[in-house]
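# Below is the structure, and that's it, no one-letter string:
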Ligand code: BGP
């Protein structure tokens, strides 16, 4: 059967400021939490930025955006996902006035995208918080963050109201439960952080997200504003009903975030969880009203699925997937242990659609792998990345299956369309791109860009609107 995607399907790629811009202290940018996290999610943080932090230079998109956008245009991108570095706009987060040079940089990027007819899809907060807000307020644990975020979103919504239509409020908002510092700017050590403070921080982010929807629609009613969640479908390890209930509970922890964003109220299962765990969420006056400003669409990342079980003996600590869970014995994993499950993407699309009947946007998916730069027969440097092509092709076929199932899918932006620094490990050797960047974890490399085999594969997919899959 011909694989036809809907007309106007938004094909493209995704990035995040701290993983590719570099220029960490240029043109008035303040420090962000990422600038002191040289080892990624699990590693220790440093007092000041250190040279081993690959993110300080990234892949130098800050100075090379024109060249990179030209390459995206050559692939035929309809949309490009990027994030704004909050600390470029408000260097300390609590400043009165924004930094004009930071605002100007994104003007330039959006203008360059417009030249090629590429729609920007902007993540307002992607795994970075101005360091000052983290240290002084303990990040989102403090209610004050809502007003600083509000100030920031008002500034960027107003400035870019005619340049950007698609917005995401927080990257993988549910990841704060696992990575409180990088996801939520929470400076308190994860081991010492109470559940009370953690879920209060979640509440503040949820209110801030809804507030962004409200303000955005006031500033430009045509804005399309979505939430962004990390999706990881969970399967029962066995047919034992205890395992099924364990899955239900694990999924609730993720659905909590999209349920509030789409339905505008806290779900009953979460109220029960709070009661059972003696957590009392402080709602300020007006919070309930603000939460009713629900999103226009739901976006999510998808890399892997996982299993769950009620049997403690089956829980293999440290194995399987990044968010915990139990490895699925039927699936293979990537070199970083992320289990590869293309059908899980069809499943999760159907799950979201059945639950919400709201448009869905896959804003991250891809394979992190070690690439080898070689010469083709014409002497051009390239990467023969059939493993990546196979991974992406298999997943996109499942997106098409979901569309056939009746799911409304707005678009697909594969993660790290140009090689960039990994979020979890802070390495450059874990590559996702269609474009190879000559930069290595020891800091060497020319920063030259080279087209991989997958570059031409994706170009064809976009040109045929999926028929070549
Ligand atoms: C998501 C993040 C991204 C990203 C991606 C791949 O969780 O939103 O920022 O990097 O995962 O993960 P990694 O870079 O660790 O391979």
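Sure, I can see it. This one's a predicted model, so the numbers in the text were calculated from it and none came from an experiment. Numbering: from 1, shown residues only.
# Residue 103 is in contact with residue 90, correct?
No - if you go by Cβ atoms under 8 Å, residue 90 and residue 103 don't touch, sitting 10.4 Å apart. Bear in mind the C-beta positions are built from the backbone N, C-alpha and C, glycine included.
# Find residues that contact each of the two.
residue 155 (Cβ atoms under 8 Å, 6 or more residues apart in numbering).
# helix/strand/coil for the residue nearest to the spatial centre of the chain?
If you average the C-alpha coordinates of the chain and look for the closest C-alpha using Cα atoms, centre = their mean, you land on residue 171, 4.3 Å from that point. The assignment at residue 171 comes out as coil when based on DSSP: H, G, I helix; E, B strand; the rest coil.
# packing partners for the helix or strand bottoming out on mean pLDDT in the chain?
Ranked by mean pLDDT, DSSP states H and E, the weakest helix or strand in the chain is strand 306-308, scoring a mean of 92. Applying 3 or more Cβ pairs under 8 Å, 6 or more residues apart in numbering; DSSP states H and E, we find strand 306-308 packed against strand 234-236, helix 241-263.
# Taking their axis directions, the helix or strand just after the last one and helix 241-263 sit at what angle?
Past helix 241-263, further along toward the C-terminus, the next helix or strand under DSSP states H and E is helix 268-276. If you take axes from the mean of the first three to the mean of the last three Cα atoms, to 10 degrees, helix 268-276 sits at 110 degrees to helix 241-263.
# wait, isn't residue 75 in contact with residue 461?
No - counting by Cβ under 8 Å, residue 75 sits too far from residue 461 to count as a contact (9.3 Å).
# so which of the helices and strands packed on strand 306-308 gets nearest residue 99?
The closest approach between residue 99 and any of the helices and strands packed on strand 306-308, judged by Cβ to Cβ, belongs to helix 241-263 at 29.7 Å.
# circling back to that earlier point, deepest-packed of the helices and strands packed on strand 306-308, please.
Mean neighbour count (mean count of other Cβ atoms under 10 Å) peaks for strand 234-236 among the helices and strands packed on strand 306-308, with a mean of 20.
# which residues are in contact with it?
Counting by Cβ under 8 Å, 6+ apart, the neighbours of strand 234-236 from elsewhere in the structure are 243-244, 246-247, 250-251, 305-309, 325, 328.
# For those, point out the one with the lowest pLDDT.
Within those, pLDDT reaches its minimum at residue 325, with 72.
# secondary structure element for the closest residue to the residue nearest to the centre of the chain other than its chain neighbours?
Among residues not flanking residue 171 along the chain, residue 126 sits closest, at 4.0 Å (Cβ to Cβ, 6 or more residues apart in numbering). With the criterion set as DSSP H and E, no secondary-structure element contains residue 126; it sits in neither a helix nor a strand.
# pretty sure residue 126 contacts residue 18?
Yes - the pair residue 126 and residue 18 passes the contact test of Cβ under 8 Å, sitting 7.2 Å apart.
# Okay, and the beta partners of residue 10?
On DSSP bridges, the residues paired with residue 10 through beta bridges are residue 411.
# hmm, back to that, how many residues are close by the residue nearest to residue 171?
Counted with other Cβ atoms under 10 Å, the burial measure for residue 126 works out to 26 neighbours.
# Could you measure from it over to residue 415?
For residue 126, the distance to residue 415 under the criterion Cβ to Cβ, to the nearest Å works out to 12 Å.
# which parts of this structure sit against the ligand?
Within the chain, the residues that sit near the ligand (Cβ under 6 Å from any ligand atom) are 16, 19, 127, 171-172, 230, 301, 364, 368, 415, 422-425, 430.
# now do 8 Å
By the rule Cβ under 8 Å from any ligand atom, the part of the chain lying against the ligand is 14, 16, 19, 40-41, 126-127, 171-172, 175, 230, 301, 303, 322, 336, 338, 364, 366, 368, 415-416, 420-425, 430, 432.
# related to what we said a few turns ago, what pLDDT is listed against the residue nearest to residue 171?
Residue 126 is assigned 98 on the pLDDT scale.
# Tell me where this structure has strands.
In chain order, the chain shows strands spanning 10-14, 79-83, 119-123, 166-168, 224-231, 234-236, 297-302, 306-308, 360-364, 374-375, 381-382, 409-415, 435-437, 449-451, with DSSP state E as the criterion.
# which of these has the lowest average pLDDT?
Set side by side, the strands of the chain differ in mean pLDDT, and strand 306-308 is lowest with a mean of 92.
# Next, the buried residues of it.
Neighbour counts using 16 or more other Cβ atoms under 10 Å place 306-308 of strand 306-308 among the buried residues.
# Pull the distance from that strand to the chain's centre.
21 Å (Cα atoms, centre = their mean, to the nearest Å).
# for stretch 419-438, same thing?
The chain centre lies 15 Å from the centre of stretch 419-438; the measure is Cα atoms, centre = their mean.
# Can you point out the buried residues in it?
419-428, 430-437.
# Could you do stretch 97-108 as well?
Counting neighbours by 16+ other Cβ under 10 Å, one finds that the buried residues in stretch 97-108 are 98-99, 102-103, 105-106.
# cool, and stretch 407-421?
By 16+ other Cβ under 10 Å, the buried positions in stretch 407-421 come out as 407, 409-421.
# how far is that stretch from where the chain is centred?
10 Å.
# Over to stretch 79-96?
The answer for stretch 79-96 is 15 Å, by Cα atoms, centre = their mean.
# Skipping adjacent residues, who's closest to the residue of the stretch 251-400 of the chain found nearest the ligand in space?
Of all residues in the stretch 251-400 of the chain, the one sitting closest to the ligand is residue 368 (4.3 Å; Cβ to the nearest ligand atom). In space, not counting the residues next to it along the chain, residue 368 is nearest to residue 430; the distance is 4.1 Å by Cβ to Cβ, 6+ apart.
# ok, now residue 116?
Excluding the flanking residues, the one nearest residue 116 by Cβ to Cβ, 6+ apart is residue 73, at 3.7 Å.
# Just confirm that neighbour contacts residue 112, I think it does.
No - counting by Cβ under 8 Å, no contact exists between residue 73 and residue 112, whose distance comes to 9.3 Å.
# just checking, residue 284 touches residue 143?
Yes - using Cβ under 8 Å, residue 284 and residue 143 qualify as a contacting pair, with a distance of 6.9 Å.
# who has more neighbours, those two?
It is residue 143, of residue 284 and residue 143, that has more neighbours when counted by other Cβ under 10 Å, with 17 against 12.
# For that one, what are phi and psi?
Main-chain torsions, residue 143, degrees, to the nearest 10: phi -60, psi -20.
# please renumber so the chain begins at 20
Sure, I'll start numbering at 20, so the last one becomes residue 162.
# Next, the contact list for the closest residue in space to it that isn't next to it in sequence, please.
Leaving aside its chain neighbours, residue 162 sits nearest to residue 223 (5.7 Å; criterion: Cβ to Cβ, 6+ apart). The neighbourhood of residue 223, defined by Cβ under 8 Å, 6+ apart, consists of 159-162, 164-165.
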